[in-house]
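Asks: pasting the sequence and the predicted coordinates here, then a few questions.
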Amino acid sequence: MASAFIALSACSKKAPEELPPAPVETARPAETAPVATTPTGPVKGSQEDFLASVAADKIYFDTDKYDVDAQDQDVLRSQAQWLAANPAAKVTVEGHADERGTRDYNLALGERRANAAKNYLASLGVDPARITTISYGKERPAALGSDEAAWAQNRRAVTVTVQ
């Protein structure tokens, strides 16, 4: 108990004999508000930038076809321009098919569609090493339904940026 008393008494504070001087006010330079540096749009080279800058991120095909028509060429030209302006960007072209046909047939058709888009982009000067392709066949439909309107939306090639 004596040691507890000694320990507690050692912790008690004694008032100093002389107090320190009061703080002196010094003039401070006027503080300026920090300049906002938040971006005002999509990050350059991002998927959002890509979508905001190109005519479209997808092209559509006729039934059992994988040829790039005039309308598709315009879309792919705008994508090639974006890729030229963003030389570090890489893309993946996804090939898709509608629900009709076997799984294997639709995977092969989706691959031909993705490669057709890739080849056209390459013909416009985009380095083919910057473009990968993948086929999803009928596994990732954009529209559900078993009618021509749904099928037309599902026969497509979609270009997405890769980070």
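Replies: Ah, there it is.
Asks: what is the neighbour count of I134?
Replies: As a burial measure, I134 scores 12 neighbours (other CB atoms under 10 Å). Every C-beta, even on glycine, is put in place using the N, C-alpha and C of the backbone.
Asks: before we move on, what about K65?
Replies: 14.
Asks: mind showing which ranges of the chain have poor pLDDT?
Replies: 1-17, 19-20, 22, 24-39 (pLDDT under 70).
Asks: in it, which spans are helices?
Replies: In the chain, the helices defined using DSSP state H lie at 2-11, 47-53, 70-85, 103-123, 148-154.
Asks: want to throw those helices into TSV with distance to G137?
Replies: Listed next are the helices of the chain as TSV, based on distance: least, CB to CB, whole Å:
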stretch	distance to G137
helix 2-11	77
helix 47-53	23
helix 70-85	20
helix 103-123	4
helix 148-154	10
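Asks: separation between L107 and P141?
Replies: 14 Å (CB to CB, to the nearest Å).
Asks: over to Y105?
Replies: For Y105, the distance to P141 equals 16 Å [CB to CB].
Asks: need the winner for burial among the helices of the chain.
Replies: helix 103-123 (a mean of 20; mean count of other CB atoms under 10 Å).
Asks: so what does it touch, helix or strand wise?
Replies: helix 70-85, strand 90-96, strand 131-137, strand 156-162 (3 or more CB pairs under 8 Å, 6 or more residues apart in numbering; DSSP states H and E).
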